[in-house]
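>>> Dropping a prediction and its sequence here:
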Amino acid sequence: MGKNDVEKEGMLEEAKKEVKEKEKIEKEDISKKINLYGLFSLIFSLVSFFIGQGYLAGIAAIVLGIFGIIKFDKEKQKGKWMAKLGLCIGIFNIIYIIITVLKI
């Protein structure tokens, strides 16, 4: 066995380890549950745009987004981005409603 063969075997073993780690991560992601506060925050924030004067849905999106971020458990849940996005859209919606009502 030459030096190149030993290097190739080492690289092959490293590649196998990386594949196993990726498979482990994918299995963990599948078993995680969606953050429901974040999901409902995103839904309410999107609904608030289609309802005339959707300030109640916007407020609900903000509250649920805050709960979704606070109660997010990294090891058991996925979807924190939904809570953040729902919170941002809800805040934007409330600001938009205030500007249009006050006509600033």
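The structure has been received and is ready for your questions.
>>> what ranges do the helices span in this protein?
3-31, 36-50, 55-70, 80-102 (DSSP state H).
>>> Serialize those helices to CSV and add fields for mean neighbour count and mean pLDDT.
Every residue, glycine included, has its C-beta placed from N, CA and C. Listed next are the helices of the chain as CSV, based on neighbours: other C-beta atoms under 10 Å; pLDDT from 0 to 100:
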stretch, mean neighbour count, mean pLDDT
helix 3-31, 10, 70
helix 36-50, 20, 89
helix 55-70, 20, 91
helix 80-102, 17, 89
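>>> mind listing what the residue nearest to the spatial centre of the chain touches?
In the chain, the residue lying closest to the centroid (C-alpha atoms, centre = their mean) is Trp81, at 2.3 Å. Trp81 makes contact with Gly38, according to C-beta atoms under 8 Å, 6 or more residues apart in numbering.
>>> do you know how far it is from Phe92?
16 Å (C-beta to C-beta, to the nearest Å).
>>> ok, now Ile70?
On the measure of C-beta to C-beta, Ile70 and Phe92 end up 20 Å apart.
>>> Same question for Leu85.
With C-beta to C-beta as the criterion, Leu85 and Phe92 are 11 Å apart.
>>> Ok, Leu42 next?
From Leu42 over to Phe92 (counting by C-beta to C-beta), the distance is 13 Å.
>>> and what of Lys78?
24 Å.
>>> Repeat that for Phe44.
13 Å.
>>> swap in Ile98?
For Ile98 relative to Phe92 (C-beta to C-beta), the value is 11 Å.
>>> per-domain residue ranges of the protein.
For the chain, automatic domain parsing gives the domain ranges 1-31, 33-104.
>>> now the longest one, how far from the centre of its chain.
Using C-alpha atoms, centre = their mean, to the nearest Å, the distance from the centre of domain 33-104 to the centre of the chain it belongs to is 12 Å.
>>> Which residues are in contact with Met82?
With C-beta under 8 Å, 6+ apart, Met82 has these contacts: 34-35, 38-39, 41-42, 68.
>>> separation between it and Ile91?
When Met82 is compared with Ile91 (using C-beta to C-beta), they lie 15 Å apart.
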